[in-house]
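Asker: Attaching a predicted model along with its sequence, questions to come.
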Amino acid sequence: MEETSNKIVSVVVVTNGQSDYLRLCLESIKKQTYTNVETIVISNALNHNLGSKFYDTYEDIKLYSNEENLFYCAALNKGIRIAKGGFILCLNDDVILDARFIEEALKGFFLSKKIGMVSGKILRSDGKIIDSAGLFLSIWRTAKERGYGSLDKGRYDKEGYIFGVNGAVAFYRRDMLESIKLGADYFDEDYRIFYEDLDIAWRAQNLGWKAYYMPCAIAYHVRGATVRKGRGIDMPFARKYLSNELYFDLVKNRYLTIIRNEPLLGFVLYLPFIFLYDILAWGYILFYRPTLILKLFFDLKYIISAFRKRKLIKKRKSDILTI
């Protein structure tokens, strides 16, 4: 068991500038029982006056305003490069942490140096409905949030190994992030947003890292608040409320994740499930978002990039095995 009690935890919050969400998020970070924390806010709000609302109350935060909307992945990469901590907690600004979240979640990293990701129990803002009790890879090759949308009745109160961590409250070991990054990027900036959490979890698993679930680390998440502008928040099938631009990212990123991470044998085994999912997904696009069809078929630069990065990941895995 390793000793991490004196390690700096860097909390990287990406915000679109909805100040009520950000204020509550920062307040919850300020109240953490674990105090060796640095807080970094990366703003995609294109509002250079945002900092003046928070500096008086949260004088210790480091706020960086972007000249353009970098979206989630590039903004996180920027924050991680700035961060000093041995552990990195990546947050959406629509998340509120229980006061003991960091203290409890860190215990998961204590168990083994190969645990590179830790998830707590993430509840919806009402504190009753589960948003995620750990991220898993589904047979459809989609991200499966364990317990998603179900009433919290204690079913997920046992700690244990999981596949990955939800991107809204993603706690990583710095050593893991450094070992799996491609070039200068931890998160793939081709993704912009969506599936970035599954991609990094799958990549980490392929390179020998593990993820762990700590149910005593509690967080609260307003599902979809930062991307749906008030529509579809905490609703089932909330993807239907996304703009066409964001829906394009949602669809393409699943393919990028499969291309980059799925072994050939796994692809063959799960092809029937992938195909069935695609029939349903493309049926929806045909009837409700037909303008996306040409864009998805002919915007091939992302697919080419995914195959190139697959080779890099395969080489990284080979290098690890020969050490």
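Answerer: That came through fine.
Asker: Tell me how this protein divides into domains.
Answerer: 9-221, 239-322 (automatic domain parsing).
Asker: what mean pLDDT does the longest strand anywhere in the chain have?
Answerer: Determined from DSSP state E, the single longest strand within the chain is strand 210-221. Average pLDDT, strand 210-221: 98.
Asker: May I have that strand as PDB, with CA atoms only?
Answerer: Written as PDB, here are the backbone C-alpha positions of strand 210-221 (Å, rounded to 0.1, in the frame of the first residue of the first chain):
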ATOM      1  CA  LYS A 210      -6.800  -0.400 -13.500                       C
ATOM      2  CA  ALA A 211      -9.800   1.500 -12.300                       C
ATOM      3  CA  TYR A 212     -11.400   1.300  -8.800                       C
ATOM      4  CA  TYR A 213     -14.800   2.300  -7.300                       C
ATOM      5  CA  MET A 214     -15.000   4.000  -3.900                       C
ATOM      6  CA  PRO A 215     -18.700   4.400  -3.000                       C
ATOM      7  CA  CYS A 216     -18.000   6.600   0.000                       C
ATOM      8  CA  ALA A 217     -16.700   9.300  -2.300                       C
ATOM      9  CA  ILE A 218     -20.000  11.100  -3.200                       C
ATOM     10  CA  ALA A 219     -20.500  13.700  -5.900                       C
ATOM     11  CA  TYR A 220     -23.600  15.300  -7.400                       C
ATOM     12  CA  HIS A 221     -24.000  15.900 -11.100                       C
END
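Asker: so how far is that strand from its chain's centroid?
Answerer: With CA atoms, centre = their mean, to the nearest Å as the basis, strand 210-221 stands 13 Å off its chain's centre.
Asker: re earlier: identify, out of the domains of the chain, the most deeply packed stretch.
Answerer: Neighbour counts (mean count of other CB atoms under 10 Å) averaged over each of the domains of the chain peak at domain 9-221, with a mean of 20. From N, CA and C alone the C-beta is placed, and that goes for glycine too.
Asker: Report the beta-bridge partners for the closest residue to residue 169 other than its chain neighbours.
Answerer: Nearest residue to residue 169 in three dimensions, chain neighbours excluded: residue 219, at 4.7 Å (CB to CB, 6 or more residues apart in numbering). Here residue 219 shows beta-bridge partners residue 97, residue 122, assigned using DSSP bridges.
Asker: so residue 219 makes contact with residue 123?
Answerer: Yes. Using CB atoms under 8 Å, residue 219 is in contact with residue 123, at 7.2 Å.
Asker: pLDDT below threshold where in the stretch 101-250 of the chain?
Answerer: Flagging of the stretch 101-250 of the chain using pLDDT under 70 yields the residue ranges 224-238.
Asker: how about the strands of it, start to end?
Answerer: Remark: strands assigned in the stretch 101-250 of the chain by DSSP state E, counting those that start in this stretch are 115-124, 130-132, 135-137, 143-145, 160-162, 169-173, 210-221.
Asker: which other helices and strands contact the last one?
Answerer: In other words, strand 210-221. Helices and strands touching strand 210-221, by 3 or more CB pairs under 8 Å, 6 or more residues apart in numbering; DSSP states H and E, are strand 95-97, helix 101-110, strand 115-124, strand 160-162, helix 196-206.
Asker: Ends of stretch 162-174, what's the gap?
Answerer: 19 Å (CA to CA, to the nearest Å).
Asker: Let me fix that, I meant to ask about stretch 130-149.
Answerer: Across stretch 130-149, first to last residue, CA to CA, it's 5 Å.
Asker: Likewise for stretch 139-151?
Answerer: End-to-end for stretch 139-151, by CA to CA: 24 Å.
Asker: can you give me how far it is from the chain middle?
Answerer: 14 Å.
Asker: same question, stretch 257-268
Answerer: Distance, centroid of stretch 257-268 to centroid of chain: 20 Å (CA atoms, centre = their mean).
Asker: Dump that stretch to CSV, restricted to CA.
Answerer: In CSV, the C-alpha atoms belonging to stretch 257-268 read as follows (Å, rounded to 0.1, in the frame of the first residue of the first chain):
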residue,chain,number,x,y,z
THR,A,257,-13.0,4.8,-29.7
ILE,A,258,-13.6,1.4,-31.3
ILE,A,259,-10.9,1.9,-34.0
ARG,A,260,-8.3,3.1,-31.5
ASN,A,261,-8.8,0.5,-28.8
GLU,A,262,-10.7,-2.7,-29.9
PRO,A,263,-8.5,-5.7,-30.5
LEU,A,264,-9.3,-7.5,-33.8
LEU,A,265,-10.6,-10.5,-32.0
GLY,A,266,-12.8,-8.4,-29.9
PHE,A,267,-14.2,-6.6,-32.9
VAL,A,268,-15.1,-9.9,-34.5
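Asker: any idea how far residue 199 is from residue 121?
Answerer: In this view, residue 199 and residue 121 are 23 Å apart by CB to CB, to the nearest Å.
Asker: can you check residue 312 too?
Answerer: For residue 312, the distance to residue 121 - CB to CB - is 34 Å.
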